[in-house]
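Student: Okay, here's the prediction I keep looking at, along with the sequence it came from:
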Amino acid sequence: MNDPHLGGAATFTAGRDPASDDAELLRRIGRGDEDAMAAFYREHGRIVLAQIQLVVGERVLAEEIVQDTMLAVWRGARAFRGESSVRSWVIAIARRQTRDRLRRQRLRVVDDAFLAERPGSDPGPEATALDRAELADVTAAIRVLAPAHREVLGLVFGSGLSLQEAANVLEIPIGTVKSRLSAARTALSRILDEKGQNR
Amino acid sequence: MNADISTPHLDLADLIAEANGEATGNRVRGHLAGCEQCRREADRWSLVAGGVRGLMAATPEVTQPAQPVRPARSAVRRVLATPRRRLVFAASAAAAAVLVGFAGYGVANLVSVNGPGTGGSGGTTTLTAVTGCAKLEQATGTLDRVGGDSLVIAMAGGKSVTVTTTATTRMNASGPLLDAVTDGASVTVVGKGSGGTVAANFVVVGGNPSIEVPDYTILHGTVSDARTGGFTVVTSTGTRVPVTTSDRTVVAISNAGLAQLRTGARTTAVGYAGPNGTLSAIAVFQPADWLPGAHAEVTVKDCSPDSINHTIMALTYGG
């Protein structure tokens, strides 16, 4: 058997098929292969951390949730059936871990979810705020979006999930993903507009 | 340019695919070429996508193997070494006991602190086993220097130990570190409330510890208006609570960076023995009030992840 340590990064990058490699990693993790767990961590840890941190807004808490997520992967790798991509599977686990953690902390992780699908006025005056905005302004404004909005933006634009995969992770219909994305952009435009008026 | 504006406007899936740089095909490209409305929509989504990616790209790497020889084992150790237990602190009503109440969770149950020259490893060894779990090691001494991802702890007898850290190493610095209380910082304040103002005895910067100290006011929130002598805590409900500080206020940075550790301060590192006498740390802490030369003996109930995590959390918030 190849030793992934000896192979180094090339073991997982040279001519790799991400989907099959990820699935193989999970099979090895299911057999208790710590090397595979380390490789899985390297492959997905950072993006999972980024997605969680985008939602919870706090590095320490996000790291703890990543650890919980990876522990769940370690314990539950055998449960992966290949019905979704590994990336969306692990992000779905991370989302559940986040929800459970924040519920325990009595924080309302998706307290704005019921507002998240409110249709925006599109296109409207707020769009001009986005037209005028610089990238740095947008990045700063995303930080203060509601968690449900940050979450859907992160899934679609940051974690590289398709709309259908995002819908599966969020456990909502794909149409709701679209309306939530639009609502997120409208909220973002409002924030930018308010910032612009306060300057 | 020929504008294919006879086709319906692009839908959200098309616009997002375009923003994500995916191959969108001639239909989308053709429509964008001739439809300014959709082009502007695509540009807006691209800007949003860029903002999201920029934010997420700023997230530091997570969990790099501490030891190149055994990255997998290190990673799994970290997976299994998750601090995730709620801590309940208890203290007497005496003001002085507030700090003891915090540190006491660690000091009384998990860390025994001995004065200079009493017990401990002295200068005979560098690493000593953590009581309750032989595979965990600890080193206590004075922080000599920090460089890269490592720090050097100088110990009695002229010995020293190099401690390596990773992104997941928990580091705590405690003391009169009011400079760390800055606008925007997440804090937990323990103090006495009077007339709508809280006089802070103890401030934890970062993290979100669950703290219960009888007869004391506990505030969780974000710092605003930080200044000499106090700051304002903005709670999750938007309430603004004035907080006063003094030179007796102890600040614990629950997630300190290496740069925030104080050179010359008493320092304890807990972790796993690495090559050449190094220590791969899962926690490094600098308590507020140890006497020069004092040393700590860290105790865990057993080697279970829960037990280790329990101790690390206590050290992080209260060490």
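Tutor: Received it, and whenever you're ready, just let me know what you need.
Student: surely residue A:196 meets residue A:132?
Tutor: Yes - the pair residue A:196 / residue A:132 is scored as a contact, 6.8 Å apart, by Cβ atoms under 8 Å. Any C-beta I mention is one placed from the backbone N, CA and C, and that applies to glycine too.
Student: Phi, psi for the most centrally placed residue in chain A please.
Tutor: Centroid-nearest residue in chain A: residue A:51, 3.6 Å away (criterion: Cα atoms, centre = their mean). Residue A:51 adopts backbone torsions of phi -70, psi -40, taken as degrees, to the nearest 10.
Student: check which helix or strand covers the residue nearest to residue B:155 when sequence neighbours are not counted.
Tutor: In this structure, residue B:155 finds its nearest non-sequential neighbour in residue B:141, 3.8 Å apart by Cβ to Cβ, 6 or more residues apart in numbering or on different chains. Using DSSP states H and E, residue B:141 falls within strand B:133-147.
Student: Can you point out the buried residues in that strand?
Tutor: B:133, B:136-144, B:146 (16 or more other Cβ atoms under 10 Å in any protein chain shown).
Student: Give me the pLDDT for the residue nearest to the centre of chain A.
Tutor: The model reports residue A:51 with a pLDDT of 92.
Student: cool, residue A:88 as well?
Tutor: Value listed for residue A:88 in the pLDDT field: 92.
Student: wait, what's in contact with it?
Tutor: Contacts for residue A:88 (Cβ atoms under 8 Å, 6 or more residues apart in numbering or on different chains) come out as A:161, A:165-166, A:168-169.
Student: Quick one: buried ones out of these?
Tutor: Buried, going by 16+ other Cβ under 10 Å: A:161, A:165-166, A:168-169, out of the contacts of residue A:88.
Student: Could you work out the most separated pair of the residues you listed?
Tutor: A:161 and A:168 (8.5 Å; Cβ to Cβ).
Student: hang on, the earlier thing: secondary structure, pLDDT and distance to chain B for the buried ones among the contacts of residue A:88 - can I get that in TSV?
Tutor: Output for these, formatted as TSV (DSSP: H, G, I helix; E, B strand; the rest coil; pLDDT from 0 to 100; distance: Cβ to the nearest Cβ, whole Å):
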residue	secondary structure	pLDDT	distance to chain B
A:161	coil	91	10
A:165	helix	92	12
A:166	helix	94	10
A:168	helix	92	15
A:169	helix	92	15
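Student: JSON lines for those, including distance to residue B:179?
Tutor: Output for those, formatted as JSON lines (distance: Cβ to Cβ, whole Å):
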{"residue": "A:161", "distance to residue B:179": "41"}
{"residue": "A:165", "distance to residue B:179": "45"}
{"residue": "A:166", "distance to residue B:179": "42"}
{"residue": "A:168", "distance to residue B:179": "46"}
{"residue": "A:169", "distance to residue B:179": "41"}
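Student: Just the CA trace of the strand holding residue B:141, in PDB.
Tutor: Extracted C-alpha coordinates of strand B:133-147, given in PDB (Å, rounded to 0.1, in the frame of the first residue of the first chain):
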ATOM      1  CA  CYS B 133      -2.200  11.100  31.600                       C
ATOM      2  CA  ALA B 134       1.400  10.000  30.900                       C
ATOM      3  CA  LYS B 135       1.400  10.700  27.200                       C
ATOM      4  CA  LEU B 136       0.700  14.400  27.900                       C
ATOM      5  CA  GLU B 137       3.800  16.400  28.800                       C
ATOM      6  CA  GLN B 138       4.100  19.900  30.200                       C
ATOM      7  CA  ALA B 139       6.800  22.500  30.600                       C
ATOM      8  CA  THR B 140       6.800  25.400  32.900                       C
ATOM      9  CA  GLY B 141       9.300  28.200  33.000                       C
ATOM     10  CA  THR B 142       9.800  31.800  31.800                       C
ATOM     11  CA  LEU B 143       9.000  32.700  28.200                       C
ATOM     12  CA  ASP B 144      12.400  33.400  26.700                       C
ATOM     13  CA  ARG B 145      11.600  34.200  23.100                       C
ATOM     14  CA  VAL B 146       9.100  33.700  20.300                       C
ATOM     15  CA  GLY B 147      10.000  33.000  16.700                       C
END
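Student: where does the chain dip in pLDDT?
Tutor: If you meant another chain, say so; for now it's chain A. Low-confidence segments of chain A (pLDDT under 70): A:1-20, A:104-127, A:197-199.
Student: Sorry, I should have been clearer: chain B.
Tutor: B:1-7, B:23-24, B:59-125, B:207-215, B:288-298, B:305-307, B:309-310, B:312-319.
Student: out of the buried residues of strand B:133-147, which one sits closest to chain A?
Tutor: Among the buried residues of strand B:133-147, residue B:136 lies closest to chain A (Cβ to the nearest Cβ), at 17.6 Å.
Student: Please verify my assumption that that closest one contacts residue B:270.
Tutor: Yes - between residue B:136 and residue B:270 there is a contact at 6.3 Å, judged by Cβ under 8 Å.
Student: could you pull out the helices for chain A?
Tutor: A:4-7, A:10-13, A:18-30, A:34-56, A:59-76, A:86-104, A:113-116, A:125-132, A:135-143, A:147-153, A:163-170, A:174-198 (DSSP state H).
Student: one step back: correct me, but the residue nearest to the centre of chain A touches residue A:160?
Tutor: No - judged on Cβ under 8 Å, residue A:51 makes no contact with residue A:160 at a distance of 10.2 Å.
Student: Identify the contacts common to these two.
Tutor: Counting by Cβ under 8 Å, 6+ apart, nothing touches both residue A:51 and residue A:160.
Student: between the host helix or strand of residue B:48 and helix A:174-198, how big is the angle?
Tutor: Following DSSP H and E, one finds residue B:48 within helix B:36-57. Helix B:36-57 runs at 90 degrees relative to helix A:174-198, counting by axes from the mean of the first three to the mean of the last three Cα atoms, to 10 degrees.
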